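Undergrad: Provided below for reference: sequence and predicted model.
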Amino acid sequence: MAEIRVRFAPSPTGYLHVGGARTAIFNFLFARASGGTFLLRIEDTDPVRSRGELAQIILDSLRWLGIESDEPVVYQSDRHDRFRQVARELVECGAAYQDFTTPEEIETLRRESQARRESSFRFHADPVKARADAPARLARGEPHAIRFSAPPEDVEWNDLVHGPIKFEGSQIEDFVLLRSDGTPTYHLSVVCDDHDMGVTHVLRGDDHVSNTPKQILIYRAMNWPPPEFGHVPLILGPDKQRLSKRTGATSVGEFKERGFLPPALFNFLTLLGWSPGAGDREIFTVEELKKVFAVSGIQAKSAVFDVAKLEWMNGEHLRMLDDEQALDYLMEHRGEVPVDRERLRRLWPMMKPRLRLPRDLFVDHAYFFSDPREYDPAGAVKHFADANILQRLREYTDDLSRVDTFEPQPLEAHLRAWCETRELSAGKLIHPIRLALTGKIVSPSLFELMVILGRETVLRRLHAALKFTGSP
Ligand code: GLU
């Protein structure tokens with residue numbers, strides 16, 4: 001089989017959407033798994049909508065995910081001359097014609113079509129008449145578009161994801177290739193570029209299905225072999241509608257900001273609408289995916305974006321990092337939290353099994369870094385109410401300042417012995433101590449926590465809690 005060449009071709013009209021990122025990933029993995037070539041092309045032909053800095057942001061987001069082009073990135077805006085040349089060739093071979101219809105005339109035709117209750121308006125000129133009129137109108141310098149003359153035949157292809165798809169000839173209008181201002185349309189530029197870049201397989205979103213027959217017609221007219229096409233179903237939000245900002249983050253940049261790891265987002269997006277086949281394995285490294293990916297595993301049904309699952313996957317990937325990488329990552333996402341690497345190093349073994357995202361540590365377990373500002377209300381009712389226990393807590397706090405070795409085992413042995421001599425179950429003190437130190441009713445191992453906080457902080461927090469309870 002000839003070398004596989006695939007591409008991802010974003011239009012720089014917004015940030016990189018996770019749906020686009022998934023299309024990029026599928027193409028990238030397809031290239032890697034087949035020993036082929038992955039290309040990037042920026043489709044910036046539309047001067048009104050495209051913005052240069054967005055192209056850079058899209059490329060940066062892709063690089064963050066580990067996706068780069070194997071050859072120099074192609075910018076469509078550099079290739080206008082080539083598009084015009086192909087449009088000319090299409091006119092010369094009779095597949096396209098100069099169309100002098102004004103926007104007002106098209107509007108009138110559209111209204112007439114509506115009045116005839118046609119399901120949708122499709123423009124068809126009389127190509128013979130158009131060609132007969134052209135020389136005189138061209139000579140007068142009248143503005144004109146170049147339109148493809150859609151033949152009546154049906155267009156069919158065997159979609160890599162959906163199987164055979166057919167469009168009836170009558171459904172395909174005479175579509176514009178070059179606008180009257182000389183700019184190319186998407187159909188013209190995408191076909192020229194895919195052909196010139198030697199693209200063998202076009203994997204893109206389902207929203208392009210209705211564009212494909214038009215593009216196949218251009219390939220035929222140019223006598224170029226068309227690539228194979230595969231259309232990937234859209235990603236749905238939790239409301240089962242097309243994923244949108246209404247229901248959460250949608251751009252790769254937002255996930256980066258929130259502290260997701262690139263390989264976790266990569267893993268998650270790959271499994272969103274692709275299945276490795278046998279087994280229910282879900283955690284893959286990017287290297288593994290590069291080996292096992294196959295286009296045949298792309299599902300024809302839309303997948304739902306489940307953020308909770310992505311968070312879980314992030315935790316799994318976090319635990320796959322080596323310790324120093326994990327510390328780098330946490331330091332990078334610590335935000336305003338006052339913490340140094342050494343403290344994180346102490347925390348890491350204890351928190352490693354529990355974390356999904358940096359915020360789990362820095363927000364949910366903020367007590368590691370600053371004194372609790374409030375106590376869990378139900379916990380306070382339960383553990384800060386008994387005057388007797390509070391008295392014991394005060395005595396224990398005083399005694400704690402005398403413990404020689406502030407390490408987990410001696411601290412635990414001390415507390416248990418202390419309770420035993422007073423015929424008190426250790427739990428009676430452990431719960432109020434935890435609440436005093438963390439403000440919460442659950443936390444990782446109390447004695448480890450005490451060591452990480454240090455004697456001074458532990459004593460300060462115990463005194464603050466005793467003050468809060470109003471115990472004498
Ligand atoms: N530029 C198009 C888009 O962003 C993609 C074109 C294609 O993949 O053929 O939707």
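TA: All right, it came through fine.

Undergrad: residue contacts, the spatially closest residue to residue 100 that is not a sequence neighbour?
TA: With sequence-adjacent residues excluded and distances taken as C-beta to C-beta, 6 or more residues apart in numbering, residue 100 is closest to residue 144, at 4.7 Å. Yep, even glycine has a C-beta here, placed from its N, CA and C like the rest. Shown here is residue 144, whose contacts under the criterion C-beta atoms under 8 Å, 6 or more residues apart in numbering are 98, 99, 100, 134, 137, 138, 180.

Undergrad: among the residues you listed, name the ones in helices.
TA: The members of the contacts of residue 144 that map onto helices under DSSP state H are 134, 137, 138.

Undergrad: tell me how many other residues crowd residue 139.
TA: Number of residues near residue 139 (other C-beta atoms under 10 Å) recorded here: 8.

Undergrad: same check on residue 244?
TA: By other C-beta under 10 Å, 12 other residues sit near residue 244.

Undergrad: quick check, pLDDT for the residue nearest the centre of the chain.
TA: Centroid check for the chain by C-alpha atoms, centre = their mean gives residue 18 as the closest residue, at 3.0 Å. pLDDT for residue 18: 96.

Undergrad: from residue 278, how far off is it?
TA: When distance is defined by C-beta to C-beta, to the nearest Å, residue 18 is 27 Å away from residue 278.

Undergrad: does any bit of the one helix or strand residue 41 maps to sit next to the ligand?
TA: For residue 41, the host element (DSSP states H and E) is strand 37-42. No - using C-beta under 6 Å from any ligand atom, strand 37-42 stays clear of the ligand, coming no nearer than 8.2 Å.

Undergrad: can you point me to the longest helix in this structure?
TA: Max-length helix for the chain by DSSP H is helix 18-34.

Undergrad: what's the angle from it to strand 37-42?
TA: Helix 18-34 and strand 37-42 are oriented at 150 degrees to each other (axes from the mean of the first three to the mean of the last three C-alpha atoms, to 10 degrees).

Undergrad: the residue in the stretch 201-350 of the chain positioned nearest to the ligand in helix, strand or coil?
TA: Nearest to the ligand, among the residues of the stretch 201-350 of the chain, is residue 204, at 3.6 Å (C-beta to the nearest ligand atom). Three-state call for residue 204 (DSSP: H, G, I helix; E, B strand; the rest coil): strand.

Undergrad: count the residues that sit near the nearest residue to it once chain neighbours are set aside.
TA: In space, and not counting its chain neighbours, residue 204 is closest to residue 23: 5.9 Å by C-beta to C-beta, 6+ apart. Number of residues near residue 23 (other C-beta under 10 Å) recorded here: 22.

Undergrad: isn't residue 23 right next to residue 206, touching?
TA: No - with contact defined as C-beta atoms under 8 Å, residue 23 does not reach residue 206; the gap is 10.3 Å.

Undergrad: now do the shared contacts for those two.
TA: Common contacts of residue 23 and residue 206 (C-beta under 8 Å, 6+ apart): residue 232.

Undergrad: what's the first-to-last distance across stretch 90-110?
TA: With C-alpha to C-alpha, to the nearest Å as the measure, stretch 90-110 spans 26 Å from end to end.

Undergrad: is any part of the longest helix of the chain close to the ligand?
TA: No - applying C-beta under 6 Å from any ligand atom, one finds helix 18-34 separated from the ligand by no less than 6.7 Å.

Undergrad: next one: that helix to chain centre, how far?
TA: 12 Å (C-alpha atoms, centre = their mean, to the nearest Å).

Undergrad: from the contacts of residue 144, which single one is nearest the ligand?
TA: The ligand lies nearest to residue 180 out of the contacts of residue 144, by C-beta to the nearest ligand atom, at 22.3 Å.

Undergrad: could you say what helices and strands the worst-scoring helix or strand of the chain on mean pLDDT packs with?
TA: Scoring the helices and strands of the chain by mean pLDDT, DSSP states H and E places helix 127-139 at the bottom, with a mean of 81. For helix 127-139, the contact count by 3 or more C-beta pairs under 8 Å, 6 or more residues apart in numbering; DSSP states H and E identifies strand 96-99 as packing neighbours.

Undergrad: which strands border the strand it packs on, and is each parallel or antiparallel?
TA: strand 145-148 (antiparallel) (DSSP bridges).

Undergrad: buried residues in the next helix or strand after the partner strand, which are they?
TA: Remark: after strand 145-148, the chain's next helix or strand is strand 155-159, criterion DSSP H and E. Within strand 155-159, the residues that count as buried by 16 or more other C-beta atoms under 10 Å are 155, 157, 159.

Undergrad: for the first one, what are its contacts?
TA: With contacts taken as C-beta under 8 Å, 6+ apart, residue 155 has the following neighbours: 166, 167, 169, 172, 213, 216, 217.
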